[in-house]
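Visitor: With the input below, show me the fold.
(one chain, ligands or ions: 2)
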Amino acid sequence: QKAEWAVLKNEATVTKDGHAVELGANIGTPKDIAGVLENGGEAVGLYRTEFLYMGRDQFPTEDEQTEAYAAVLKGMNGKPTVVRTLDIGGDKELSYLDLPKELNPFLGLRAIRLCLEMPDLFRTQLRALLRASVHGNLKIMFPMIATLEEFRQAKALLLEEKAKLQEEGIAVSDSIEVGIMVEIPSTAVMADVFAKEVDFFSIGTNDLIQYTFAADRMNESVSYLYQPFNPAILRMVKMVIDASHKEGKWTGMCGEMAGDEIAIPILLGLGLDEFSMSASSILKARAQLKKLSKADMESQVDHILSLSTSAEVEEYVKANLLNA
Ligand code: PEP
Ligand code: MG
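Guide: Residues are numbered from 1 along each chain as shown. Ligands and ions are numbered 1, 2, ... in the order given. Have a look, this model is predicted:
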């Protein structure tokens with residue numbers, strides 16, 4: 001199987017009926033780029049920048065960050081590169097950032113909430129991203145967006161920093177897409193409204209599932225509620241994809257679900273544009289997608305979304321859509 005997959009390394013991801021999708025990788029550091037290219041990644045669909053801030057005793061400077069982001073963009077050599085702004089809080093803490101203890105950190109001051117609360121910290125990252133933008137195909141993504149105001153505020157800060165840099169005579173790319181993660185149900189429900197203002201969506205199913213089922217993703221006792229195939233999740237995924245396409249925008253997925261062989265046929269049928277996963281899953285996913293027909297999957301999606309439980313969906317896909 002490995003040999004069968006290896007020949008797919010330099011191929012585009014095109015289904016049996018000629019529909020192209022993009023297979024990207026999730027990365028944590030610039031060092032991961034080698035693995036992305038070795039595994040035939042067409043993009044970076046999620047660069048988790050928080051690792052740049054972790055395991056040290058002070059914030060990374062603007063220059064340090066610029067260097068890391070430029071390294072990733074140069075390494076990807078013009079391929080789409082989605083960089084997520086700082087997603088700290090929840091389970092990820094910084095030793096040098098002394099924040100009040102929270103009873104429910106996953107429902108607390110994390111990710112974009114923290115960045116908007118500490119704008120200087122956020123502005124430094126945005127400046128670094130903008131300065132690095134001339135080195136590749138940068139797309140900036142804000143995590144944990146729950147309301148349209150959060151997106152507007154974050155984007156306004158980005159545009160302010162861009163204007164400042166331009167005044168300082170520093171070159172900035174003019175084609176940076178600005179998108180959001182959809183990992184909070186409110187945002188999935190309001191996707192049609194967001195779609196008018198964002199350039200793209202990336203569905204973060206790890207958190208979207210946790211917040212939809214109100215089940216801590218780290219808590220083993222409720223792990224049965226991690227249900228990517230539950231129609232509740234599939235219907236939200238459909239809403240997001242449809243809303244984006246209606247406005248001529250694209251939708252990716254960067255949660256674990258994107259690389260799952262049971263999810264892939266459904267996501268193809270729903271019209272997902274970009275699948276982002278760990279680099280080691282890319283070739284297997286490409287092999288699977290090349291054997292599937294988009295039209296065929298589209299014709300089955302209504303039935304799948306009408307099923308009642310996660311188990312029913314899983315059974316249906318296993319019986320009908322695997323080993324095509
Ligand atoms: C997600 O929530 O699905 C996601 C990709 O982000 P993280 O796993 O970093 O929270
Ligand atoms: Mg998340």
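Visitor: quick one: the closest residue to ligand 2 within the stretch 151-300 of the chain from Q1, how far?
Guide: Nearest residue of the stretch 151-300 of the chain to ligand 2, counting by CB to the ion: D207, 3.7 Å away. All C-beta atoms are positioned from the backbone trio N, CA, C, and that covers glycine. Here D207 is placed at a distance of 32 Å from Q1 (CB to CB, to the nearest Å).
Visitor: Note down every partner strand of the helix or strand harbouring V178 and its orientation.
Guide: In the assignment (DSSP states H and E), V178 maps to strand 177-182. Using DSSP bridges, strand 177-182 pairs in its sheet with strand 137-142 (parallel), strand 200-203 (parallel).
Visitor: For the longest helix along the chain, give me every contacting residue.
Guide: Counting by DSSP state H, the longest helix found in the chain is helix 148-167. With CB atoms under 8 Å, 6 or more residues apart in numbering as the test, helix 148-167 has contacts from 85, 112-113, 115-116, 119, 122-123, 126-127, 130-131, 140, 142, 145, 172, 178, 180, 190, 193-194, 197-198.
Visitor: Around ligand 1, which positions in this protein sit nearby?
Guide: Within the chain, the positions near ligand 1 by CB under 6 Å from any ligand atom are 46, 48, 87, 183, 204-207, 254-255.
Visitor: higher neighbour count, D207 and Q1?
Guide: D207 (22 against 8; other CB atoms under 10 Å).
Visitor: Spatially, what comes nearest to that one if we skip its sequence neighbours?
Guide: Leaving aside its sequence neighbours, D207 sits nearest to E183 (CB to CB, 6 or more residues apart in numbering; 3.7 Å).
Visitor: quick one: the spatially most central residue of the chain and Y47, what's the gap?
Guide: In the chain, the centroid-proximal residue (CA atoms, centre = their mean) is C254; its distance is 3.6 Å. Counting by CB to CB, the gap from C254 to Y47 is 10 Å.
Visitor: Mutual contacts of those two, please.
Guide: Counting by CB under 8 Å, 6+ apart, the common neighbours of C254 and Y47 are 26, 82.
Visitor: So in the protein, where's the weakest helix or strand by average pLDDT?
Guide: helix 2-6 (a mean of 82; mean pLDDT, DSSP states H and E).
Visitor: Alright, calling it a day.
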